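In: Curious how this folds, go ahead:
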Amino acid sequence: MAFLQMLFLLCPIFMYFIVPHTAQPEINFHLCVVENGNYTANSTYQANLNYLLNSVYSNTEIDYGFYNFSYGESPDKVYAIGLCRGDVKPDACRDCLNYSSLVLTSRCPTQKEAIIGLDNCILRYASRYIFGLNEVAPYFFVYSLKNVSDEKGFNRSLNSLLDSLQDKAAAGDSRRKYATGKISTAAPNFQTIYALSQCTPDLSQTECSNCLRNASARVGQCCQERQGGRVIYPSCNFRYEINQFYETPIGEDPSPPPSKGKNKTVIIIIILSVVMSVMVILIISFYTFSGKRKSGEKVKSGSVDDEITRVESLQYNFEIIHLATDNFSEFNKLGQGGFGPVYKGTLPNGQYIAVKRLCRDSTQGEQEFKNEVLLVAKLQHKNLVRLLGYCFEQEERLLIYEFMPNSSLNNFIFDQTKRSQLDWERRYKIIEGISRGLLYLHEDSRLRIIHRDLKPSNILLDAEMNAKISDFGMARLFAGDQTQESTSRVVGTFGYMPPEYVMRGHFSVKSDIFSFGVLVLEIIARKDIEQSTFLLTLCCSLLKILQTWENWNSGPNLDKLIDSTLRAGSRNEMLRCIHVGLLCVQENALDRPNMASVVIMLSSYSVTLPVPQKPAFFAHSTEMPGTTSTWTESDQSRSASVPCSINEASITELYPR
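Out: As a prediction, the model looks like this:
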């Protein structure tokens with residue numbers, strides 16, 4: 001007891017030396033957006049806001065300085081974005097966001113929307129959707145009070161630097177769009193200008209470039225003749241100074257450190273070394289003393305037991321499945337997928353099920369397989385096919401899913417008779433369902449999931465014609481070795497794969513966006529040619545995308561664009577869906593919208609849609625490696641002679657958030 005008291009008394013002394021005494025960070029700007037509504041104290045909105053802000057600055061998994069989270073249900077749902085400067089370390093980033101949230105909620109105690117900016121970070125929240133949008137209002141200026149001597153020469157160099165950084169930042173990925181650089185002014189001053197440009201990384205390359213271009217156009221309005229300045233938009237910002245204010249990226253020579261504070265630094269290091277040594281000795285002594293008393297205690301493993309119980313509860317007896325499918329009879333066979341056949345089954349209680357019988361050449365062990373089943377079983381959404389359980393017995397690996405009575409979308413859109421059963425209301429509901437299922441996989445599930453084989457046969461339809469995405473966890477469930485090879489061996493279905501994946505094996509959430517765009521256009525677009533085989537349908541899909549874009553580009557004529565069986569329905573909805581589909585199949589993956597933006601585009605007419613660029617594979621007359629492109633538009637009418645290969649293996653990647 002005496003030991004603990006001594007440690008307690010010494011702690012404040014140790015903390016005095018260890019904790020740095022720094023001034024609070026300077027607040028550059030903040031704004032409470034009054035016109036977008038208020039909330040009351042102790043309301044649901046306030047509770048959601050507090051929870052969300054805590055989630056932003058306490059999240060230790062994100063190490064790239066960009067946080068876009070939402071929480072709650074409408075009308076009390078809250079959206080928040082935290083963006084740290086690209087050179088700021090993760091711990092400093094979280095500290096900045098933590099301080100920002102405290103200040104902002106204090107200064108805007110009732111406003112639903114607010115924004116604050118510090119040197120190291122920008123934080124904003126709102127009751128409206130703010131992700132992936134190029135927002136240029138409100139904007140803020142911060143500038144130096146000192147003037148330059150050669151205004152024209154300085155501005156010429158500054159504009160050149162900002163132009164180059166604009167392109168570099170816009171070319172970043174979905175984790176970081178950030179660039180820094182420097183330039184020297186001409187004689188006689190020879191000043192060096194340092195600058196950075198940054199966008200929220202959920203913007204496309206084009207949107208980021210446009211945002212920074214608008215911001216840099218305000219240099220004259222903001223920072224005329226100034227030695228330093230900043231223009232900050234909600235979605236992008238730039239800063240310049242005549243002194244280096246950012247950390248030097250790897251590959252650049254850092255400026256030599258000043259020698260002024262060298263002695264002070266040495267003294268601090270010595271003090272810290274002594275203090276830390278004493279602390280370590282005290283802590284070791286304490287644990288040695290307390291460890292003797294606790295050596296006989298038993299560690300509880302309730303959470304492990306819970307997980308084991310949960311995965312075992314999903315296991316089905318092989319004999320039950322064997323009887324349910326009538327010994328996997330051909331009569332009950334629903335289809336053949338890349339990982340094995342699928343059978344219809346009937347359980348003793350009368351429940352219909354779909355049983356996927358996996359191929360037997362997997363090297364995955366039993367426990368690994370069970371872990372993956374548990375992982376996928378936790379992913380539940382109304383637009384995903386639900387995994388009911390599994391069977392691992394007698395060298396059999398079976399997956400049991402809910403049964404979809406209307407089979408797949410493929411059986412409707414490529415069948416002349418059944419296609420007429422899909423009126424516009426049903427087609428629009430299917431498109432919306434697929435988009436919401438993908439949004440869950442990409443952003444809202446516990447794992448970020450890239451499907452990589454989204455196609456009509458993987459969109460199943462329940463009794464009410466609700467769309468449900470299937471095979472979204474098959475790579476992890478089937479074969480780890482196949483997943484690991486996937487970046488070097490392209491697998492999937494030609495016609496639904498984006499160019500960056502076909503050419504270079506690169507895949508991301510934007511790969512699924514491309515496949516979604518193809519699906520949307522196939523659901524809506526005209527089908528003038530009767531394809532005699534599914535093979536020909538896939539081979540012609542890219543050509544149909546081009547035809548749709550050309551018809552659109554020449555002035556949207558709905559009669560030329562839509563399926564002739566669509567005799568009724570909202571023409572505006574049809575045009576908007578085609579517009580969104582064309583945005584999703586653009587050549588540059590960064591120009592394609594993310595899934596959250598797609599959902600908003602489909603459901604809200606308040607969002608202005610950008611003009612779609614020429615579709616992938618046609619933007620630069622690109623040919624696939626190792627093939628020759630010899631078929632023309634007239635080749636649509638042929639069946640067996642069309643050169644095309646198909647690999648129907650469904651491969652999915654799951655990534656921890």
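In: Only C-alpha atoms from now on, for both contacts and neighbour counts.
Out: Noted.
In: any idea how this protein splits into domains?
Out: Following the assignment in automatic domain parsing, the chain carries domains at 25-126, 140-241, 309-403, 408-621+642-657.
In: Nearest to residue 133, out of the ones you listed?
Out: Within these, the stretch nearest residue 133 is domain 140-241; the backing value is 6.7 Å (Cα to Cα).
In: could the domains of the chain go into a markdown table alongside distance to residue 132 and mean pLDDT?
Out: Below are those laid out as a markdown table (distance: least, Cα to Cα, whole Å; pLDDT from 0 to 100):
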| stretch | distance to residue 132 | mean pLDDT |
| --- | --- | --- |
| domain 25-126 | 10 | 91 |
| domain 140-241 | 5 | 91 |
| domain 309-403 | 23 | 82 |
| domain 408-621+642-657 | 6 | 74 |
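In: got JSON lines for those domains, with mean neighbour count and distance to residue 247 too?
Out: JSON lines is the format used below for the domains of the chain (neighbours: other Cα atoms under 10 Å; distance: least, Cα to Cα, whole Å):
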{"stretch": "domain 25-126", "mean neighbour count": "18", "distance to residue 247": "6"}
{"stretch": "domain 140-241", "mean neighbour count": "20", "distance to residue 247": "9"}
{"stretch": "domain 309-403", "mean neighbour count": "17", "distance to residue 247": "40"}
{"stretch": "domain 408-621+642-657", "mean neighbour count": "19", "distance to residue 247": "27"}
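In: May I see these organised as TSV, with distance to residue 133 added?
Out: Converted to TSV, these look like this (distance: least, Cα to Cα, whole Å):
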stretch	distance to residue 133
domain 25-126	12
domain 140-241	7
domain 309-403	25
domain 408-621+642-657	8
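In: quick one: the longest strand seen in the chain to chain centroid distance?
Out: Counting by DSSP state E, the longest strand found in the chain is strand 27-38. The chain centroid and the centroid of strand 27-38 are separated by 28 Å under Cα atoms, centre = their mean, to the nearest Å.
In: got the CA positions of the following helix or strand past that strand in PDB?
Out: Heading C-terminal from strand 27-38, the first helix or strand you meet, by DSSP states H and E, is helix 44-58. Provided in PDB are the C-alpha atoms of helix 44-58 (Å, rounded to 0.1, in the frame of the first residue of the first chain):
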ATOM      1  CA  THR A  44     -31.200  12.600 -30.500                       C
ATOM      2  CA  TYR A  45     -29.200  14.700 -33.000                       C
ATOM      3  CA  GLN A  46     -26.900  15.900 -30.200                       C
ATOM      4  CA  ALA A  47     -26.400  12.400 -29.000                       C
ATOM      5  CA  ASN A  48     -25.600  11.200 -32.600                       C
ATOM      6  CA  LEU A  49     -23.300  14.200 -33.100                       C
ATOM      7  CA  ASN A  50     -21.300  13.500 -29.900                       C
ATOM      8  CA  TYR A  51     -21.000   9.800 -30.700                       C
ATOM      9  CA  LEU A  52     -19.900  10.500 -34.300                       C
ATOM     10  CA  LEU A  53     -17.200  13.100 -33.300                       C
ATOM     11  CA  ASN A  54     -15.800  10.700 -30.700                       C
ATOM     12  CA  SER A  55     -15.700   8.000 -33.400                       C
ATOM     13  CA  VAL A  56     -13.700  10.300 -35.700                       C
ATOM     14  CA  TYR A  57     -10.900  11.300 -33.400                       C
ATOM     15  CA  SER A  58     -10.700   8.000 -31.500                       C
END
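In: so who does the closest residue to residue 435 other than its chain neighbours touch?
Out: Of all residues not flanking residue 435 in the chain, residue 599 sits nearest, at 6.2 Å (Cα to Cα, 6 or more residues apart in numbering). Going by Cα atoms under 8 Å, 6 or more residues apart in numbering, residue 599 touches 432, 435, 436, 439.
In: tell me which strands and helices the helix or strand harbouring the last one is in contact with?
Out: Yep, that's residue 439 we're talking about. Counting by DSSP H and E, the element that carries residue 439 is helix 424-439. Contacts defined by 3 or more Cα pairs under 8 Å, 6 or more residues apart in numbering; DSSP states H and E place helix 424-439 against strand 467-469, helix 509-524, helix 595-603.
In: Now it - C-alpha only, PDB.
Out: Provided in PDB are the C-alpha atoms of helix 424-439 (Å, rounded to 0.1, in the frame of the first residue of the first chain):
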ATOM      1  CA  TRP A 424     -39.900   0.500 -65.300                       C
ATOM      2  CA  GLU A 425     -41.000   0.500 -61.600                       C
ATOM      3  CA  ARG A 426     -39.400  -3.000 -61.100                       C
ATOM      4  CA  ARG A 427     -36.300  -2.100 -63.100                       C
ATOM      5  CA  TYR A 428     -35.800   1.100 -61.100                       C
ATOM      6  CA  LYS A 429     -36.300  -0.800 -57.800                       C
ATOM      7  CA  ILE A 430     -33.700  -3.400 -59.000                       C
ATOM      8  CA  ILE A 431     -31.200  -0.600 -59.800                       C
ATOM      9  CA  GLU A 432     -31.700   1.100 -56.500                       C
ATOM     10  CA  GLY A 433     -31.400  -2.300 -54.600                       C
ATOM     11  CA  ILE A 434     -28.100  -3.100 -56.300                       C
ATOM     12  CA  SER A 435     -26.700   0.400 -55.500                       C
ATOM     13  CA  ARG A 436     -27.700   0.100 -51.800                       C
ATOM     14  CA  GLY A 437     -26.200  -3.300 -51.500                       C
ATOM     15  CA  LEU A 438     -23.000  -2.200 -53.000                       C
ATOM     16  CA  LEU A 439     -22.900   0.900 -50.800                       C
END
